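S.K.: pasting the structure only:
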């Protein structure tokens, strides 16, 4: 009978040890599952942060592109304004030259006419 009680105590102890081992294994499994879930959450957060950073970078690039386009447009407008001003100045200078040349030709023609009139007077007087 003592042996039976001893065997029963040993069986209970073994059952308790097995139960404890199962509880430890379950606890380790729970911890592993929690760690896996935490890792998945961290991965999702990292992916969301990366997507947000990419979106921000794209927005910055678009803003820079628009700024460059506006600057190029402004520069082209200024260049056209300067070219038009230079063209107007060249046209005004050409008109002024034409007026001076016409006035010069008129003065030369007038002098020639005066010479001819002098010659004619001198011829008539003689």
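M.R.: Here it is on my side, so go on. Because the structure is a prediction, the values reported are computed rather than measured.
S.K.: any idea how far residue 124 lies from residue 29?
M.R.: 140 Å (CB to CB, to the nearest Å). (Each C-beta comes from the backbone N, C-alpha and C, glycine too.)
S.K.: same deal with residue 64?
M.R.: From residue 64 over to residue 29 (counting by CB to CB), the distance is 52 Å.
S.K.: how about residue 73?
M.R.: From residue 73 across to residue 29, the span is 65 Å (CB to CB).
S.K.: repeat for residue 71
M.R.: Counting by CB to CB, the gap from residue 71 to residue 29 is 62 Å.
S.K.: one more: residue 97?
M.R.: Taking CB to CB, one finds residue 97 at 100 Å from residue 29.
S.K.: helices of the protein, residue ranges please.
M.R.: 2-125 (DSSP state H).
S.K.: so which residue is dead centre in it?
M.R.: In the chain, the centroid-proximal residue (CA atoms, centre = their mean) is residue 64; its distance is 2.2 Å.
S.K.: need the pLDDT of that residue.
M.R.: Residue 64 is assigned 98 on the pLDDT scale.
S.K.: please apply the same query to residue 4.
M.R.: Reported pLDDT at residue 4 in the predicted model: 82.
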